[in-house]
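J.: Sequence and computational prediction follow.
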Amino acid sequence: MNKLFYFLFLLCSFQLTSQNTIKGVVIDKKTDETLIGANIVLFDVFNVNVGGTVTNIDGEFEFNNLSNDTYSLTISYIGYESENIIVKFNEEKNLNITVELQADVLLDVVSIIGDQAEFRKTPVSLSNVKLEKIEKELAGQEIPMLLNSTPGVYATQQGGGDGDVRINIRGFNQRNVAVMIDGVPMNDMENGWVYWSNWFGLDALTRTIQVQRGLGASKLALPSVGGTINIITKGVNAKEGGMIKQEYGSGNYLRTSFAYTTKNFKLGKFNFAGSFKRSDGLIDQTPSTGLFYYLKWQKQIQNHLFSFSVFGAPQEHGQRKYQTGIAVYDKNFAAELGVDTASLEGGYGLTYNPNWGEYNDYEVIYNNGIPVDTIFGENQRVNRYKNYYHKPNFNFQHLWQINENSSLTNVLYYSMGRGGGTGLNTLPIGADGWTDDNQINFQYMYDSNSGNIWNSFINPGGPAIDLAYSDSEKKSTYILYSSINNHYWTGLLSTFNHQINKKLNLASGIDVRTYTGEHYREIYDLLGGDYYAGSAGSSANNSIGENSSNLILREGDKIYYHNDGLVRWLGGFGQLEYNHGNLSAFLNITASQTAYKRIDYFKKQDLVLEDTIMSQAIGINDTIIYNEVEYTIDSPEARFTETNWEKFLGYTIKAGANWNIDEHNNIFMNTGLLSKAPKFSNVFNYDNEVYYNIENEIVKAIELGYGYKSKNFSLNFNAYNTIWENKPQSGRATLDGGESVDYNINGIDALHQGLEIDFAWKISNSFKYEFLSSIGNWRWNSGDTVNFYLNQQLVQSDYFDAEGVYVGDSPQTQIGSSISYNFKVNRNNSGYIKLKGIY
């Protein structure tokens, strides 16, 4: 009996001394947002590892059954400085601690450059996509697809080709959404477009993605009419280590990725990362291959931090371009929508792609015009639309912490893009263009080009022989061309940041960029023939020659057009921020000058003389006599025709304020006026002429918002009103006389209004529910007169009335929700299930 009592006493004593608990939460020191998946390691007084865990979906962690002793906690998280905390149990049995992690120095640089907004401080509508969501939900998608869970944001994969995704915010396409990587602008300098296929592999480096809707709080003079997307990459991690990951998905998607961080050498620290992918594609004949490489170096010397990075992603992928009727894919569904499908062909399935075909490169042997033998080759599958590109990015950053109140950052960057996309010059007429299973009849085209189909009346010299060009080589009628878009882009972004006092902060700087875009088409594949004969320029009157149809062109030769677009950008900005107590506010003013020039190599050349410039005056067979002097295309006074520099001043004025009513509720307002230069194609037409009456686009915006945040529930609601004046519309039209002319319409206004709401509810430690919705009212608000000019003369006018017409390109109503369940498999492993729907 005594032995049993003694055993129970020991057991109770052990239990009594083992009931101590440490509970905590890990948050971002700057934003107060919880950090999910942070690593916590517990050591005892002898520095022995007692155990480890990671923070849950709410950034929380817990250690139980601890003795009355002293412990140390080591907390680490990718992109943050590690923290060590000493805890000691005295009379308290349950300790609750909050751990604030400071973003590493390089991320602070990004914060200065890239205008990271903060909840309950920055008065804008914003959403953050955290690392955990990127790792869990991105899978084989492009980065913009994650943003569909953000109100007012619409991302689509378009035809389904790998990397062909595009994104709209509040009804504005991505030409008018500022996209940045670590605060460096990425929108194309000529047309504002963003090519996401160039950034395969970037997800392996991404720490967080912030979306600011509306004009936002960016310091820079950016085209952020719809919003701003800033992709923040990971810094050089504190600990040496690496990872390797293998992924497999639908369409035989296979991807291998790796990353490694070195120890801290005297020379500095290094990050390496790489990835390779291949896929057959979910859509018929849209295969893709891609390679990603990344290197970052970082070195701190006293109060200077230096960083250099390079990354790129050479890729190629097949495409399914252009919209078509729903009946092509599903006739039954089309009928349900009220479409009369009786006379329509279709029902080919959702993965049907009309842009490909196949052929066998066989050869027919003729003897005296009679086929006597056939030598079969290999079957070739061809997608008429293939995109291929490589755009390496080089980035050098320098941070100088002048003193505790002032810092200067300089970012010098360079990008060189090379590649293009293929297309077919023409299809055979009628039934010859398509096979019985509704694919492009590349076999007919190959047979025609190679001479397998020989019509002795048309080609008396032999199979596919055109005696006007050659008596031995075969002339291609059908070719694949490639539209090449190379560019060379250099920029400098310099920002001075000064904390005036505890309430006021001033940031100012300059943004300088120079860009050259090279555009031409070249022969990509002769499809069985030896040469192609056709116009070398956009018209017969070009600098190559009046009789350009007599030219024999080979694969790689330029055809149709060849021109350069030159862009020069100079911007300055200043932003004053106020933060005290429950009130924060900002005032932002920017100014910029954009200059455009166009050079055309397929037009007649200019003749530059001492007293005059004769524009597009001299061709290869021309002789001009001026002041009794003869000039030809070989004269030193001749140059490729170019425009003057067309310059546009722009500016931005933005202001906003946020008031934290209490620890849970806040309201904010922002407003702004933006004057932006028109894009390159709204300044020049294809004849190197400047459009008439070019005006800046004017954007006026105001937004109101409300937010609520507690431990288990958060809500955001906002309303916006954006007026876009002088939104240009350009294109080509046919006049009454049959002439083809370019047009550009100024004076068209659009109104974008809307309501947005999203909330998240933590039902329990395991369940979380999220909801989002947005309702838009986006309409064209005016009309204008379209003036058509021919040879610099006004020849026709029409009135274009768009008032009341809905702005297209993205849905105006959005609703979505998700519910997730998180569970622990064991002490070190966890899992989750998430159901999500977006309409």
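T.: Everything's here; your move.
J.: okay, CA-based contacts and neighbour counts for the rest of this
T.: Fine.
J.: Can you list the low-confidence ranges for the stretch 51-200 of the chain?
T.: The stretch 51-200 of the chain contains residues with pLDDT under 70 at 57, 78-79, 91-92, 103-115.
J.: Tell me where it has helices.
T.: Along the stretch 51-200 of the chain, the stretches classed as helices by DSSP state H, counting those that start in this stretch are 105-114, 131-137.
J.: Equivalent analysis for the chain, please.
T.: Using DSSP state H, the helices assigned to the chain run over residues 2-16, 105-114, 131-137, 331-336, 442-450.
J.: how does the chain divide into domains?
T.: Here the domain parsing of the chain from automatic domain parsing is 2-101, 105-236.
J.: what about residue 326, neighbour count?
T.: 17 (other C-alpha atoms under 10 Å).
J.: The one 4 residues further on now?
T.: By other C-alpha under 10 Å, 15 other residues sit near residue 330.
J.: and the closest residue in space to it that isn't next to it in sequence, what is it in contact with?
T.: Leaving aside its chain neighbours, residue 330 sits nearest to residue 347 (4.3 Å; criterion: C-alpha to C-alpha, 6 or more residues apart in numbering). With contact set as C-alpha atoms under 8 Å, 6 or more residues apart in numbering, residue 347 has these partners: 327, 328, 329, 330, 331, 332.
J.: Repeat that for residue 449.
T.: Residue 449 makes contact with 464, 474, 475, 476, 477, 478, 526, 527, 528, 529, according to C-alpha under 8 Å, 6+ apart.
J.: switch the cut-off to 7 Å
T.: Contacts here follow C-alpha atoms under 7 Å, 6 or more residues apart in numbering; on that basis residue 449 touches 464, 474, 475, 476, 477, 478, 527, 528, 529.
J.: Most neighbours out of those residues, which is it?
T.: residue 464 (28 neighbours).
J.: okay, the contacts of residue 449 in a markdown table with pLDDT and distance to residue 53 next?
T.: Listed next are the contacts of residue 449 as a markdown table, based on pLDDT from 0 to 100; distance: C-alpha to C-alpha, whole Å:
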| residue | pLDDT | distance to residue 53 |
| --- | --- | --- |
| 464 | 80 | 74 |
| 474 | 90 | 71 |
| 475 | 90 | 71 |
| 476 | 92 | 67 |
| 477 | 90 | 68 |
| 478 | 94 | 64 |
| 527 | 95 | 61 |
| 528 | 93 | 64 |
| 529 | 93 | 66 |
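J.: bridging residues for residue 626?
T.: As for beta bridges, residue 626 partners with residue 629 under DSSP bridges.
J.: From residue 609, how far off is it?
T.: Residue 626 sits 9 Å away from residue 609, going by C-alpha to C-alpha, to the nearest Å.
J.: More neighbours: which of the two?
T.: Between residue 626 and residue 609, residue 609 has the larger neighbour count (other C-alpha under 10 Å), namely 12 against 9.
J.: mind listing what the residue nearest to the more buried one when sequence neighbours are not counted touches?
T.: The shortest distance from residue 609 to any non-neighbouring residue, by C-alpha to C-alpha, 6+ apart, is to residue 637 (6.4 Å). Applying C-alpha under 7 Å, 6+ apart, we find residue 637 in contact with 607, 608, 609.
J.: how about a cut-off of 10 Å?
T.: Taking C-alpha atoms under 10 Å, 6 or more residues apart in numbering, we find residue 637 in contact with 605, 606, 607, 608, 609, 610, 613, 631.
J.: correct me, but the first one touches residue 620?
T.: What it means is residue 605. Yes: counting by C-alpha atoms under 10 Å, residue 605 touches residue 620, with 9.0 Å between them.
J.: So for those two, which residue has more residues nearby?
T.: Shown here are residue 605 and residue 620; by other C-alpha under 10 Å, residue 605 has more neighbours (26 against 17).
J.: And the more buried one, what's its pLDDT?
T.: The model reports residue 605 with a pLDDT of 93.
J.: OK, contacts around it?
T.: 542-544, 614-620, 632-633, 637-642.
J.: again, only using 7 Å
T.: Counting by C-alpha under 7 Å, 6+ apart, residue 605 touches 543, 616, 617, 618, 619, 638, 639, 640, 641.
J.: Next: residue 839.
T.: Residue 839 is in contact with 814, 815, 816, counting by C-alpha under 7 Å, 6+ apart.
J.: Give me the pLDDT value at the last one.
T.: Per-residue confidence (pLDDT) for residue 816: 95.
J.: residues in contact with the closest residue to it other than its chain neighbours?
T.: Using C-alpha to C-alpha, 6+ apart and skipping the chain neighbours, the partner closest in space to residue 816 is residue 838 (4.2 Å). Residues near residue 838 by C-alpha under 7 Å, 6+ apart: 815, 816, 817.
J.: Those residues in strands, which ones?
T.: Mapping the contacts of residue 838 onto strands (DSSP state E) picks out 815, 816, 817.
J.: quick one: low-confidence parts of the stretch 251-400 of the chain?
T.: Looking at the stretch 251-400 of the chain by pLDDT under 70, you get 369.
J.: For residue 412, see how far away the closest residue to residue 834 other than its chain neighbours is.
T.: Distances taken as C-alpha to C-alpha, 6+ apart place residue 820 nearest to residue 834, at 4.1 Å, with adjacent residues excluded. Using C-alpha to C-alpha, residue 820 is found at 43 Å from residue 412.
J.: Could you check which of those two has the larger neighbour count?
T.: Using other C-alpha under 10 Å as the criterion, residue 820 and residue 412 rank with residue 412 on top: 18 against 15.
J.: residues in contact with that one?
T.: By C-alpha under 7 Å, 6+ apart, residue 412 lies in contact with 395, 396, 397, 491, 492, 493.
J.: could you redo the last one with a cut-off of 10 Å?
T.: With contacts defined as C-alpha under 10 Å, 6+ apart, residue 412 is in contact with 184, 308, 394-398, 490-494, 512-513.
J.: And the pLDDT at residue 238?
T.: At residue 238, the pLDDT value in this model is 58.
J.: Next: residue 420.
T.: For residue 420, the predicted pLDDT is 96.
J.: Please name the bridge partners of it.
T.: Beta-bridge pairing of residue 420 under DSSP bridges involves residue 388, residue 484.
J.: these two touch, right, it and residue 389?
T.: Yes: contact criterion C-alpha under 10 Å: residue 420 and residue 389 qualify, at 6.1 Å.
J.: any common contacting residues for these two?
T.: By C-alpha under 10 Å, 6+ apart, residue 420 and residue 389 have these common neighbours: 316, 484, 485, 486.
J.: Which of the residues you listed has the largest number of neighbours?
T.: Of all those, the highest neighbour tally under other C-alpha under 10 Å goes to residue 316, namely 25 neighbours.
J.: any low-confidence regions in the stretch 401-550 of the chain?
T.: Within the stretch 401-550 of the chain, the stretches with pLDDT under 70 are 454-462, 534-550.
J.: please redo it, this time with the cut-off set to 80
T.: 453-463, 467-468, 534-550 (pLDDT under 80).
J.: Alright, calling it a day.
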